[in-house]
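[1] Fold the following and give me the result.
(one chain, ligands or ions: 2)
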Amino acid sequence: MIEMNNVYKKYPNGVVAANGITVDIRQGEFVYVVGPSGAGKSTFIKLMYREEKPTSGDVIINGTNLTKLKNNQVPFLRRQLGVVFQDFKLLPRLTVYENVAFALEVIEEHPKQIRKRVMDVLELVGLKHKVRMLPSELSGGEQQRVSIARSIVNMPKVVIADEPTGNLDPETSWEIMNIFEEINTMGTTIVMATHNREIVNTIRKRVIAIEGGLIVRDVNGGDYGYEG
Ligand code: ADP
Ligand code: ADP
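    Residues are numbered from 1 along each chain as shown. Ligands and ions are numbered 1, 2, ... in the order given. Next up, the predicted model:
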């Protein structure tokens, strides 16, 4: 599903954020990406949705080699991948409904299909009753639910999340994790960078630890592994 072969990423300022990463993530897996600040977790994730291009090496998503992808094919890739951010990145002037429908409208789905699909995913995240609200009228946890709904509305095979619970209190974080688990149960591959030790140590999944741009640990059902 997601394959990286000897991926190296050097930023223009000389920082090497991926220093020869090789990994294989299969369809339906749930993977945590852990490691200290500055280790290269965000870069690892950005390489998967082509926010960053590797300096060398290959990134292959669902059979598509991103290294060879033309710029005009990037929207096609983005439809196969959902992305969830720490700071939600919702469009502030659009309602909950519109924020989720947006992703479908750009691919010219039939209006009736759009309505059904948007309401289905909003029901899944428990926000069907708030469709007309603006992001500013919602709590952080509710905003993250909207952003998860947006990420899955196209039925992607993979959802990538960069610290999705980073701005949320512990109770809300658990609620958000339950939604990710449900999405994973439906067959969607989840890759999630996180600093949340309690969650990683409780909801046991594959743990990939990155340090200095390298995978230093990769264990199924592993623990968070860092103190303090
Ligand atoms: P993490 O997510 O683990 O905190 P990052 O992937 O964000 O790590 O960063 C890895 C290293 O790359 C850090 O030294 C960071 O400062 C650097 N870095 C990240 N993004 C950029 C960028 N756009 N330009 C230059 N350096 C960057
Ligand atoms: P997070 O780890 O919370 O996702 P980062 O600190 O890695 O956030 O990055 C925030 C933004 O700043 C990203 O768009 C990243 O590319 C950029 N960035 C991070 N480190 C640097 C850096 N050293 N120089 C330039 N841009 C950077």
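
[2] So the closest residue to G35 other than its chain neighbours: helix, strand or coil?
    Distances taken as CB to CB, 6 or more residues apart in numbering place I210 nearest to G35, at 4.1 Å, with adjacent residues excluded. Where you see a C-beta, it was placed from the backbone N, CA and C, and this is true even at glycine. Secondary structure, DSSP: H, G, I helix; E, B strand; the rest coil: I210 is strand.

[3] One more: G14?
    Going by three-state DSSP: G14 is coil.

[4] Tell me how many other residues surround the closest residue to G225 other than its chain neighbours.
    Nearest residue to G225, sequence neighbours excluded (CB to CB, 6+ apart): A209, at 6.2 Å. Counted by other CB atoms under 10 Å, the residues lying close to A209 total 21.

[5] Is A209 in contact with V34, as I believe?
    Yes. A209 lies in contact with V34 (CB atoms under 8 Å); the separation is 5.1 Å.

[6] Now the common contact residues for these two.
    G225 (CB atoms under 8 Å, 6 or more residues apart in numbering).

[7] I179 belongs to a helix, doesn't it?
    Yes. Judged by three-state DSSP, I179 forms part of a helix.

[8] and the gap between it and ligand 2?
    Between I179 and ligand 2 the computed distance is 21 Å (CB to the nearest ligand atom, to the nearest Å).

[9] Also N65?
    Distance from N65 to ligand 2, by CB to the nearest ligand atom: 23 Å.

[10] which residues does that residue contact?
    Contacts of N65 (CB under 8 Å, 6+ apart): 58-59.

[11] partner residues bridging it?
    I60 (DSSP bridges).

[12] same check, this time on I215
    I210.

[13] How about V83?
    For V83, the beta-bridge partners are I160 (DSSP bridges).

[14] pLDDT wise, what is the residue nearest to G225 at?
    A209 carries a pLDDT value of 98.

[15] Equivalent analysis for E108, please.
    The model's pLDDT for E108 equals 64.

[16] what's the answer for F76, then?
    Looking at F76, the pLDDT reads 80.
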